[in-house]
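K.L.:
here is a sequence with its predicted model. Questions after.
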Amino acid sequence: MLWDSSFQICGCCLLGFGIYLLVHNNFGVLFHNLPSLTLGNVFITVGSIIMVVAFLGCMGSIKENKCLLMSFFILLLIILLAEVILAILLFVYEQKLNEYVAQGLTDSIDRYHLDNSTKAAWDSIQSFLQCCGINGTRDWTSGPPASCPSDPKVEGCYAKAKLWFHSNFLYIGIITICVCVIEVLGMSFALTLNCQIDKTSQSLGL
C-alpha cells in the first residue's frame, strides 16, 4: 500500500506540474513541426499513466487480486524498459537531437514577427535565461528584440540552455534514479504479495 500511495502521489505531482507548464509556458510553438511535443504534455501523459498503474496496484493489493497485481508488475516493467530505451536513444542520437533543436529554433526566429505565440515564447526564454537569439544577437537580422539583454556580448540561448541543463544534471539524475528505485520496489512488492496470495490459497486448500 505504501508503494501504491507513493506512485499515486508521484503521478499527481507530474500531472499537476504538466498542467502548470501547459498553462504558463508555450515553448512548443518554437518547434513548428512538433508543436504538441512539449514538456507539459510529456508530464501530463506520464503522470496519467503512472496514476492508472498505481490504481491497478492499489486495487490489486486491497482485493488481493493476482490478475491486477501481475498487470501492475508488467506495466511497471514496460515503463522501466521504456525509460532505459529512451535514455539509450537520447545518448546515441544526441547529435541529431541537437541539430533538430537548433533547426527548430532557427525556424522560429523567422516567425518571431509573424506569430504572437512564438514572440511570447522567445521573450520568455530570453528574459529567463538572460540570453539573446540562438548563438547571440547576430541571429536577429532586423535587430535584437527588447527582451534581449543590453550587453552586446550576451550569450545565445542555445548555449545558456545547455549550461542550465548541465548545471542541474545532478538533480535530474537523482530524481531519475529515485523514480527507477520506486518502480523496482513496486515490482518487488507486487511479486511478493502475489507469492503470499499463492501460499495462503495453498494453506487453505483452494
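P.N.:
Structure received. Residues are numbered from 1 along each chain as shown.

K.L.:
mind checking pLDDT for Gly60?
P.N.:
pLDDT, Gly60: 81.

K.L.:
list the residues that contact it.
P.N.:
Applying Cβ atoms under 8 Å, 6 or more residues apart in numbering, we find Gly60 in contact with Lys66, Cys67, Leu68, Leu69, Ser71, Phe72, Ala190, Leu193. Where C-beta positions appear, they are placed from N, C-alpha and C, glycine not excepted.

K.L.:
mind redoing it with 10 Å?
P.N.:
By Cβ atoms under 10 Å, 6 or more residues apart in numbering, the contact set of Gly60 is 4, 66-73, 190, 193-194, 197.

K.L.:
so where is the protein shaky, pLDDT-wise?
P.N.:
Within the chain, the stretches with pLDDT under 70 are 1-6, 21, 23-40, 201, 204-206.

K.L.:
now with 90?
P.N.:
Along the chain, segments meeting pLDDT under 90 span 1-77, 79-80, 82-84, 86-206.

K.L.:
quick one, helices of it?
P.N.:
2-24, 39-63, 66-92, 94-110, 116-129, 157-167, 169-203 (DSSP state H).

K.L.:
before we move on, the earlier item: which of the contacts of Gly60 lies closest to Cys178?
P.N.:
Ranked by distance to Cys178 (Cβ to Cβ), those are led by Asp4 at 16.6 Å.

K.L.:
I figured Asn135 hits Lys162, correct?
P.N.:
No - between Asn135 and Lys162 there is no contact under Cβ atoms under 10 Å: 11.8 Å.

K.L.:
got JSON lines for the contacts of Gly60, with distance to Val181 too?
P.N.:
Below are the contacts of Gly60 laid out as JSON lines (distance: Cβ to Cβ, whole Å):
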{"residue": "Asp4", "distance to Val181": "16"}
{"residue": "Lys66", "distance to Val181": "25"}
{"residue": "Cys67", "distance to Val181": "26"}
{"residue": "Leu68", "distance to Val181": "23"}
{"residue": "Leu69", "distance to Val181": "20"}
{"residue": "Met70", "distance to Val181": "21"}
{"residue": "Ser71", "distance to Val181": "21"}
{"residue": "Phe72", "distance to Val181": "17"}
{"residue": "Phe73", "distance to Val181": "16"}
{"residue": "Ala190", "distance to Val181": "15"}
{"residue": "Leu193", "distance to Val181": "19"}
{"residue": "Asn194", "distance to Val181": "20"}
{"residue": "Ile197", "distance to Val181": "25"}
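
K.L.:
out of the residues you listed, which are buried?
P.N.:
Asp4, Leu68, Leu69, Ser71, Phe72, Phe73, Ala190, Leu193, Asn194, Ile197 (16 or more other Cβ atoms under 10 Å).
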